[in-house]
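Novice: model this:
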Amino acid sequence: METALLTTLTETVTILEAMSPDAAAELGQGYALAAAAIAVGLAALGSGYAERGIGSAAVGAIAEDEDLFGKSLVLTVLPETLVIFAIVIFLLLL
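Specialist: As a prediction, this is how the structure comes out:
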């Protein structure tokens with residue numbers, strides 16, 4: 001595993017050395033955007049996982065006491081702020 005990773009990194013460095021500076025800059029920008037997209041996707045997955053448990057607990061709490069609707073709504077929407085922050089950071093990287 002480590003040998004394959006080292007070989008891949010060595011090949012990548014060799015390719016980058018053979019590239020023109022403009023092409024290398026574009027490749028670096030592409031990697032940055034891909035990393036930002038992966039970060040947004042992982043934030044969305046984490047948010048969805050958190051909302052799964054919060055949503056089911058909120059529905060159960062509302063079924064017992066309807067006065068808890070406001071608190072449940074806030075707690076259900078709270079994980080989505082992570083995705084909003086991730087999208088803002090992604091847009092700043094553009």
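Novice: which helices and strands does the longest helix along the chain pack with?
Specialist: Assignment by DSSP state H gives helix 21-64 as the longest helix of the chain. With contacts taken as 3 or more C-beta pairs under 8 Å, 6 or more residues apart in numbering; DSSP states H and E, helix 21-64 sits against helix 69-77, helix 80-93. Where you see a C-beta, it was placed from the backbone N, CA and C, and this is true even at glycine.
Novice: try 10 Å
Specialist: For helix 21-64, the helices and strands in contact under the criterion 3 or more C-beta pairs under 10 Å, 6 or more residues apart in numbering; DSSP states H and E are helix 2-18, helix 69-77, helix 80-93.
Novice: now the longest one - C-alpha only, CSV.
Specialist: What it means is helix 2-18. Output in CSV follows, covering the C-alpha atoms of helix 2-18 (Å, rounded to 0.1, in the frame of the first residue of the first chain):
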residue,chain,number,x,y,z
GLU,A,2,2.7,2.5,1.0
THR,A,3,4.8,1.5,-2.0
ALA,A,4,2.0,2.1,-4.4
LEU,A,5,1.3,5.5,-2.9
LEU,A,6,4.9,6.5,-3.0
THR,A,7,5.1,5.4,-6.7
THR,A,8,2.0,7.4,-7.5
LEU,A,9,3.3,10.5,-5.8
THR,A,10,6.7,10.1,-7.6
GLU,A,11,4.9,9.8,-11.0
THR,A,12,2.8,12.8,-10.2
VAL,A,13,5.8,14.9,-9.4
THR,A,14,7.5,13.8,-12.6
ILE,A,15,4.5,14.7,-14.7
LEU,A,16,4.3,18.1,-13.0
GLU,A,17,7.9,18.8,-13.6
ALA,A,18,7.4,18.2,-17.3
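Novice: please report how far residue 77 lies from residue 68.
Specialist: 14 Å (C-beta to C-beta, to the nearest Å).
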